[in-house]
Each structure stands twice: as structure tokens, then as C-alpha cells.
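*Asks:* Mind folding the following:
(chains A and B)
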There are 2 protein chains.
Amino acid sequence: MRSIVGGSIVGVKLILSNMEIKEKFGLKVKVLREEKGFSIEQLANISNVDRNYISDIEKGKRNVSIEIIEKIILALDTGFKDFFSDNNF
Amino acid sequence: MRSIVGGSIVGVKLILSNMEIKEKFGLKVKVLREEKGFSIEQLANISNVDRNYISDIEKGKRNVSIEIIEKIILALDTGFKDFFSDNNF
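*Replies:* Next up, the predicted model:
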């Protein structure tokens, strides 16, 4: 089981490392949003960012600006330091 | 002397905390660029970002996209984790 689990961790890292930055950012937003138990609608309301735009962001389709990044990070009740703290970026 | 130095550290933190995210990002780019001993021209060449745009970024005038952020961060030979690791963001 360890090798499979180890393999899957390596697999995930391989996938993440090949992702574009837009996709990595979107994936992290989605993970944190779901951890917080927010719907996209709720995150949109809290962050004051359009819900369709957030949906696109999570799909890795948007080359987001730093001001939008800040709005979303604050709405997820975290900060730049913590948001970008994992080695996937 | 300590209180003045202490005062100035507090002073700097006050200034930084009132800055917009564009300004904080620009200031950090400028500090890291100068630490590396790069001119704006050199950073522009390495990052493949227009030199005037980098100049505006450092003045806090540009709402940079995450792809431009990545280009500049990589050109400064750092990563998102380290770049955003200080509490000023």
C-alpha cells in the first residue's frame, strides 16, 4: 500500500509541477474554499469578485491580477504568506 | 538610539501596512532586484517583461497578473513561497 500511496504522492507532485501558474492558483483557491465549506457563490459575495470569474479562476482559465488575488485570499481568511507557503508554487 | 531604531522599525511597518498590494509588490521587486545587483534593464531581459512595465511595477502603478508575477519571481531566482514569505503582504 505504501508504494501505491507513495506513488500517488509522487504522481500528484508530477501533475502539479507541470501545471501552469493559473491552474495551480485556481486549484489552491478551490481546495481552501471547500475546506472553509464555502460555495462559489459565498466566496463571490465575501470577496466581491464575480461568481463566474471565480469559477473560471478555479478551472485555471484566468490570469488573475494581484488585486483580485488579494481579495480572494482575504475572503478565504488567509494571507499571501500562508497561501503561497506550499512548495507547489 | 534603540528607541529611534525601534521607532523607525515600527514606522516602516506602519508605512508598509498602509500600502496597497501593488505598492508592496513593487517595493519587494525593487529590493530583491537591487540585492541581486540587477538593473531594471537586466531584470527586463531575464524576465522577458518590458523595462518600462517593470519600472511602473516598482512604483506600485501596475495591477500585475499572476503570469507576470511568476516571470519576475523566477527572474529574481526566487519562488512564490520565499517572495511572499514576509509578513508585509
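*Asks:* When you work out contacts or count neighbours from here on, use the C-alpha atoms and nothing else.
*Replies:* Fine.
*Asks:* How about exporting stretch A:52-59 as CSV, limited to the C-alpha atoms?
*Replies:* The C-alpha atoms that make up stretch A:52-59 are tabulated as CSV, following Å, rounded to 0.1, in the frame of the first residue of the first chain:
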residue,chain,number,x,y,z
ASN,A,52,-18.4,33.3,-12.9
TYR,A,53,-15.0,34.8,-12.7
ILE,A,54,-14.2,32.7,-9.6
SER,A,55,-15.5,29.6,-11.3
ASP,A,56,-13.1,30.3,-14.2
ILE,A,57,-10.3,31.0,-11.8
GLU,A,58,-10.8,27.6,-10.2
LYS,A,59,-10.6,26.0,-13.6
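*Asks:* Which of the three states applies to residue A:61?
*Replies:* Following DSSP: H, G, I helix; E, B strand; the rest coil, we place residue A:61 in the coil state.
*Asks:* Show the backbone phi and psi for the spatially closest residue to it that is not a sequence neighbour.
*Replies:* Nearest residue to residue A:61 in three dimensions, chain neighbours excluded: residue A:22, at 6.7 Å (CA to CA, 6 or more residues apart in numbering or on different chains). Main-chain dihedrals, residue A:22, degrees, to the nearest 10: phi -60, psi -40.
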